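*Asks:* The sequence isn't on hand, but the structure is:
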């Protein structure tokens with residue numbers, strides 16, 4: 001991080017740091033659409049409505065990639081950046097991985113319709129809900145980090161506390177994942193369907209894990 005006296009020497013600082021919030025928008029929306037896609041799949045199978053939701057997620061992923069490229073292509077020289085350039089680039093990749101995982105989760109969900117026990121459907125919904133909370137908690141943590149780095153207005157300890165809360169929330173996703181896998185094996189479904197559910201929850205978990213990784217990178221930015 002540059003000393004306070006030098007923070008305002010960077011003419012492009014408003015392009016790349018707040019640009020991370022622009023990049024977050026399609027990612028947060030994609031996570032919400034995953035929840036809708038799961039509910040649609042459990043209720044009506046992979047019908048037209050499900051395919052429309054899957055297509056919207058693909059569009060959001062392309063939009064996120066476009067924003068990421070725009071941000072990366074307009075970075076100032078590393079010595080002028082108010083955060084470490086490598087950390088910044090790692091953050092953009094990690095945040096982008098959230099939506100990539102959502103895409104894959106929907107792809108596995110769309111491999112075929114099947115009837116599942118209500119408790120298994122509830123376990124799938126719980127895993128997506130908990131992962132969605134992890135991703136949602138990333139946005140205020142990112143906002144406060146940007147405000148602290150650029151303006152020094154946010155309280156450093158409160159910003160770090162947000163990141164710790166994200167880590168605790170991800171642990172709930174880990175428990176939800178284990179519960180879903182256990183429920184899938186106990187469901188009596190044929191193995192191909194059990195495997196499909198396991199792959200689905202693995203990518204749901206990866207979305208949450210990437211959000212936790214983003215929080216770790218934000219904390220590293222504060223430490224510099």
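*Replies:* The structure has been received and is ready for your questions. Everything quoted here is computed from the prediction, not taken from an experiment. Residues are numbered from 1 along each chain as shown.

*Asks:* List the buried residues for stretch 57-74?
*Replies:* 57, 60-61, 63-64, 67-68, 71 (16 or more other Cβ atoms under 10 Å). Glycine gets a C-beta too; all of them are placed from N, C-alpha and C.

*Asks:* do the same with stretch 111-122
*Replies:* 116, 120-121.

*Asks:* Next one: the residue nearest to the spatial centre of the chain from residue 147, what distance?
*Replies:* Against the mean C-alpha coordinate of the chain, by Cα atoms, centre = their mean, the closest residue is residue 98 at 3.6 Å. To residue 147, residue 98 is 22 Å away according to Cβ to Cβ, to the nearest Å.

*Asks:* Ok, residue 64 next?
*Replies:* Taken as Cβ to Cβ, the span from residue 64 to residue 147 is 22 Å.

*Asks:* How about residue 21?
*Replies:* Following Cβ to Cβ, the distance that separates residue 21 from residue 147 is 11 Å.

*Asks:* cool, residue 179 as well?
*Replies:* If you measure residue 179 against residue 147 using Cβ to Cβ, the figure is 37 Å.

*Asks:* how much space between the residue nearest to residue 75 when sequence neighbours are not counted and residue 157?
*Replies:* Using Cβ to Cβ, 6 or more residues apart in numbering and skipping the chain neighbours, the partner closest in space to residue 75 is residue 16 (5.6 Å). Residue 16 is 26 Å from residue 157, where distance means Cβ to Cβ.

*Asks:* These two: which has the busier surroundings?
*Replies:* Set residue 16 next to residue 157 and count neighbours by other Cβ atoms under 10 Å: residue 16 wins out with 21 against 7.

*Asks:* Wait, that one touches residue 85, no?
*Replies:* No - counting by Cβ atoms under 8 Å, residue 16 sits too far from residue 85 to count as a contact (9.7 Å).

*Asks:* Quick check: neighbours shared by the two?
*Replies:* With contacts taken as Cβ atoms under 8 Å, 6 or more residues apart in numbering, residue 16 and residue 85 have residue 75 as neighbours in common.

*Asks:* Now the helix or strand in which residue 96 is found: buried residues?
*Replies:* Counting by DSSP states H and E, the element that carries residue 96 is helix 85-109. By neighbour count on 16+ other Cβ under 10 Å, the buried set for helix 85-109 is 88, 90-92, 94-106, 108-109.

*Asks:* which element is the residue nearest to residue 44 when sequence neighbours are not counted on?
*Replies:* Using Cβ to Cβ, 6+ apart and skipping residues adjacent in sequence, the residue nearest residue 44 is residue 50, 7.2 Å away. In the assignment (DSSP H and E), residue 50 maps to helix 48-73.

*Asks:* gap between residue 17 and residue 142?
*Replies:* 9 Å.

*Asks:* Residue 89 too?
*Replies:* 15 Å.

*Asks:* Same question for residue 129.
*Replies:* When residue 129 is compared with residue 142 (using Cβ to Cβ), they lie 21 Å apart.

*Asks:* And the two? Which one has more around it.
*Replies:* Taking neighbours as other Cβ under 10 Å, residue 129 and residue 142 compare with residue 142 leading, 23 against 15.

*Asks:* Quick check, pLDDT for that one.
*Replies:* Note on residue 142: pLDDT of 96.

*Asks:* Quick check: buried residues in the one helix or strand it maps to?
*Replies:* Assigned by DSSP H and E, residue 142 falls within helix 118-151. Within helix 118-151, the residues scored as buried using 16+ other Cβ under 10 Å are 120-121, 123-128, 130-135, 137-138, 141-146, 148-150.
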